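1. how would this look folded up:
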Amino acid sequence: MGKRSSQRKKVTLGDSDDDDSLSSSSTSRSEVMLSQGIEDVQPDKESSLDQALDALYEKRATTRERALSSIIEAFSSSLQHLFVEKKFATLLHQCLNSIKRGSAKETSLASHAIGLLALTVGHGENAHEILDESVLPISQALKSSFESSKVSGLVECLAIVTFIGANDPEETERSMQIMWQLLHPKLGSNVVSRKLSADVIAAVVSAWSFLLTTMDGWKLNPKNWQESISYLSNMLDKDDRSVRIAAGEALALIFEVGSLEKFFVEPKGLGDNSIHEENTPRGGLAHLQGLKGKILNQVRNLSTEAGGKGSVKKDLNSQRNLFRDVLEFLEGGYCPETSMKIGGDSLSTSKWSQLIQLNFLKRFLGGGFVKHMQENEFLHEVFDFTPKRKHLSGSEHHLSSGEKRMYKSPNSVVNKARTQLLNKQRMLSQGRNAGHYAVGFGDEEP
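-> Numbering: from 1, shown residues only. Reported below is the predicted structural model:
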């Protein structure tokens, strides 16, 4: 499958924001400050997190909501490994309690906090524990939830914890089915049909696609997804652009994953309706080609759609650009290539699966995306991304005005401590040198 360099799109994240542009060197700087005995210069973030965690036990909902907001801010702006090492289980179960009993706002905040917790711990037993403990409360909350913010938050949380914590395809498909049931419920005595807002539909489709990026097409259970292509094709005709864009990305991903026979229903009368591992029945193949032809026409129309009254130009351009990429992929096999600046490093994608993962994690992390991409080893593994390691002794740091006053003032605590440290290091160095040159004499026999 070919790639065209002309398709590369370059996106640069600016370095002007002090919070977002911090490189991994900030960790080295903080470590040096600690070694100098001046911990009181920096706020005690771990203490603040302890207070926020304690506040999750309070009866007043607004107090818990403020505490969750503080936790989200702390986990977004830096990687809280030390805090998680000590308080992982407590934080997880308090957030799950908020999902079970909280308001729509509290549930949404708690869902986001759990997702950030999973991103912080990365692959491993803790991530799988988060998934195991969260699936049932999230599933139950989704059945009784109608507020858009609450449903979107729960679905995004489920996507993140499954993406990180699932150990096998069955666990991933379980979460995908929970999401799909929201879009296309199998009505029965215990299922209530409800109308979802366009924002929720787009969020659910995006989360479902995010998890599909981790799946091998041959491992998918065909009984679960046989109507998905037709359903997503119908979404391309919806009025809301966010729904059309989410459906377009999902369809492009399905064609990239392959094993298309697992995503559509074979018409009745065409063979025995069995799914063959190597060949789709001839009639079923013709039906699939017809469905692909319909999708091509829909995508072609959306790539050139004229703006109607009241349409937002930015949204219209986003739709056109996406469906041009989808059209070129379906017709010629060209995947869109993107390049994004993370500090001084480039993060590139060349597949739909990578692009969908990147966009989903950018939305979830918000302002913390750059920080996590620079320092989160799990994300480095996901995107095969290795940022440049900047050490305090080997590179110049870009300090904020407050940091300049803190570090560069001659009378600052830092400078005084630095002088003491340098004197101590000089004395130690002299001692080491004297010892080094005396070694030969100590080893000689009298």
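
2. next SSE after the helix or strand bottoming out on mean pLDDT in the chain?
-> Among the helices and strands of the chain, helix 25-35 carries the lowest confidence by mean pLDDT, DSSP states H and E, at a mean of 40. Downstream of helix 25-35, the first helix or strand assigned by DSSP states H and E is helix 45-55.

3. tell me the buried residues in that next one?
-> Of all the residues in helix 45-55, those buried under the rule 16 or more other CB atoms under 10 Å are 49, 52-53, 55. Bear in mind the C-beta positions are built from the backbone N, C-alpha and C, glycine included.

4. list the buried residues in whichever helix or strand comes after that helix.
-> Next helix or strand after helix 45-55 toward the C-terminus (DSSP H and E): helix 61-77. By 16+ other CB under 10 Å, the buried positions in helix 61-77 come out as 64-65, 67-68, 70-72, 74-77.

5. who touches helix 61-77?
-> Here helix 61-77 makes contact (CB atoms under 8 Å, 6 or more residues apart in numbering) with 19, 45, 48-49, 51-53, 55-56, 58, 80, 91, 95, 98, 102-103, 105-106, 109-110, 112-113, 116-117, 119-120, 365-368, 371-372.

6. show me where the stretch 301-446 of the chain has helices.
-> 313-332, 352-365, 369-375, 377-383, 401-408, 413-443 (DSSP state H, counting those that start in this stretch).

7. export the first one to PDB, keeping only CA atoms.
-> The C-alpha trace of helix 313-332 is given here as PDB (Å, rounded to 0.1, in the frame of the first residue of the first chain):
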ATOM      1  CA  LYS A 313     -16.400  27.300   8.300                       C
ATOM      2  CA  LYS A 314     -13.900  25.600  10.600                       C
ATOM      3  CA  ASP A 315     -16.200  22.600  11.100                       C
ATOM      4  CA  LEU A 316     -16.900  22.400   7.300                       C
ATOM      5  CA  ASN A 317     -13.200  22.500   6.500                       C
ATOM      6  CA  SER A 318     -12.500  19.700   9.000                       C
ATOM      7  CA  GLN A 319     -15.200  17.600   7.400                       C
ATOM      8  CA  ARG A 320     -13.900  18.200   3.900                       C
ATOM      9  CA  ASN A 321     -10.300  17.400   4.800                       C
ATOM     10  CA  LEU A 322     -11.200  14.200   6.600                       C
ATOM     11  CA  PHE A 323     -13.400  12.800   3.900                       C
ATOM     12  CA  ARG A 324     -10.800  13.700   1.200                       C
ATOM     13  CA  ASP A 325      -8.400  11.600   3.200                       C
ATOM     14  CA  VAL A 326     -10.900   8.800   3.500                       C
ATOM     15  CA  LEU A 327     -11.700   9.000  -0.200                       C
ATOM     16  CA  GLU A 328      -8.000   8.800  -1.200                       C
ATOM     17  CA  PHE A 329      -7.600   5.800   1.200                       C
ATOM     18  CA  LEU A 330     -10.600   3.900  -0.200                       C
ATOM     19  CA  GLU A 331      -9.700   4.600  -3.800                       C
ATOM     20  CA  GLY A 332      -5.900   4.400  -3.800                       C
END
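
8. other SSEs contacting it?
-> helix 241-257, helix 282-303 (3 or more CB pairs under 8 Å, 6 or more residues apart in numbering; DSSP states H and E).

9. and these as JSON lines, adding distance to Val382 and mean pLDDT?
-> Formatted as JSON lines, the helices and strands packed on helix 313-332 follow (distance: least, CB to CB, whole Å; pLDDT from 0 to 100):
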{"stretch": "helix 241-257", "distance to Val382": "16", "mean pLDDT": "94"}
{"stretch": "helix 282-303", "distance to Val382": "28", "mean pLDDT": "82"}
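
10. turn those helices into CSV, columns for mean neighbour count and distance to Glu85.
-> Shown next, in CSV, are the helices and strands packed on helix 313-332 (neighbours: other CB atoms under 10 Å; distance: least, CB to CB, whole Å):
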stretch, mean neighbour count, distance to Glu85
helix 241-257, 22, 36
helix 282-303, 16, 48
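
11. now those in CSV, with distance to Thr172?
-> As requested, these are exported to CSV (distance: least, CB to CB, whole Å):
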stretch, distance to Thr172
helix 241-257, 13
helix 282-303, 24
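
12. so which of these is nearest Glu173?
-> Proximity to Glu173 (CB to CB) singles out helix 241-257 among the helices and strands packed on helix 313-332, at 13.2 Å.

13. with adjacent residues omitted, what lies nearest to Trp180?
-> Trp208 (6.3 Å; CB to CB, 6 or more residues apart in numbering).

14. do I have it right that that neighbour meets Met176?
-> Yes - between Trp208 and Met176 a contact is recorded at 5.6 Å, counting by CB atoms under 8 Å.

15. find the residues that touch each one of these two.
-> With CB under 8 Å, 6+ apart, Trp208 and Met176 have no common neighbours.

16. and stretch 216-234, how far apart are its ends?
-> 25 Å (CA to CA, to the nearest Å).

17. average model confidence for that stretch?
-> Across stretch 216-234, the average pLDDT comes to 80.

18. which parts of it are buried?
-> Neighbour-count burial for stretch 216-234 [16+ other CB under 10 Å]: 220, 225-226, 228-229, 231-233.

19. okay if I get those residues as CSV plus distance to Glu171 and secondary structure?
-> Output for the buried residues of stretch 216-234, formatted as CSV (distance: CB to CB, whole Å; DSSP: H, G, I helix; E, B strand; the rest coil):
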residue, distance to Glu171, secondary structure
Leu220, 13, coil
Trp225, 16, helix
Gln226, 21, coil
Ser228, 19, helix
Ile229, 24, helix
Tyr231, 23, helix
Leu232, 23, helix
Ser233, 28, helix
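
20. show me which of these is closest to Leu260.
-> Ile229 (7.3 Å).

21. measure that closest one to Leu253 for me?
-> Distance, Ile229 to Leu253, using CB to CB, to the nearest Å: 11 Å.

22. same deal with Pro222?
-> From Pro222 to Leu253 the distance is 17 Å (CB to CB).

23. again, but for Leu196
-> 21 Å.

24. likewise Ser48?
-> Taken as CB to CB, the span from Ser48 to Leu253 is 40 Å.

25. same question for Gly344.
-> 31 Å.

26. before we move on, what about Leu116?
-> 25 Å.

27. likewise Leu355?
-> In terms of CB to CB, Leu355 sits 9 Å off from Leu253.

28. which residues touch Phe210?
-> 159, 163, 356-357, 360.

29. between those residues, which sits nearest Ser348?
-> Gln357 (12.9 Å).

30. state the distance from the closest one to Arg60.
-> 38 Å.

31. of those two, who's got more company?
-> Gln357 (20 against 9; other CB atoms under 10 Å).

32. for the spatially closest residue to the more buried one that is not a sequence neighbour, grab the count of nearby residues.
-> Among residues not flanking Gln357 along the chain, Thr213 sits closest, at 5.4 Å (CB to CB, 6+ apart). Counted with other CB under 10 Å, residues neighbouring Thr213 total 19.
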